[in-house]
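Asker: I'll drop the sequence and a predicted model, then ask my questions.
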Amino acid sequence: MELDFAMLASNAELAASGNLHIFGGGFNRIQVPTVPSTPVPFKLVARAFIPPEDVSQEHWLSLELTNPSGERSIITERSPLAFTPAAEESRLNAVLLLTLVIAFKSYGLYQFHLGIDGQQLKTIPVIITASKPE
């Protein structure tokens, strides 16, 4: 399994045509007025490739979050992955669109740890800061 990309985005959708539309993608900072914050909605967007010989096997996703104190919490564990044909006949796509709604308990660096089949493939950092008064 090969991870092509993973990012946080304001929103994302997979069109019927197979096109992935990402809006406000690639951010690494979220501003909130206070902590603990009200729940903040956003998406984790990723694409993985799998060789055809591995399609018949079950594959699963895990996502954990580390807070500024270093405590890890499980967001999802062993969520099954589905695959669609890729442009290349030699591999298949798994497009991951996870809607996250998280109330951040403190300011600082959080890290999302994305894993597939028990192997951590990507860490996505996001810094929670106080929003500036208007």
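Answerer: On my side now, so go ahead.
Asker: Helix or strand: which one has the spatially most central residue of the chain?
Answerer: For the chain, the residue sitting closest to the mean C-alpha position, by CA atoms, centre = their mean, is Leu44 at 2.9 Å. For Leu44, the enclosing helix or strand under DSSP states H and E is strand 40-50.
Asker: buried ones in that strand?
Answerer: Buried residues in strand 40-50, defined by neighbour count with 16 or more other CB atoms under 10 Å: 42-50. In this view, the C-beta of every residue, glycine as well, is placed from N, C-alpha and C.
Asker: SS state for Glu53?
Answerer: When the structure is reduced to helix, strand and coil (DSSP: H, G, I helix; E, B strand; the rest coil), Glu53 reads as helix.
Asker: Mind jotting down where the strands sit in the protein?
Answerer: With strands called from DSSP state E, the chain shows them at 2-14, 20-25, 29-32, 40-50, 60-66, 72-80, 84-85, 92-102, 108-116, 119-130.
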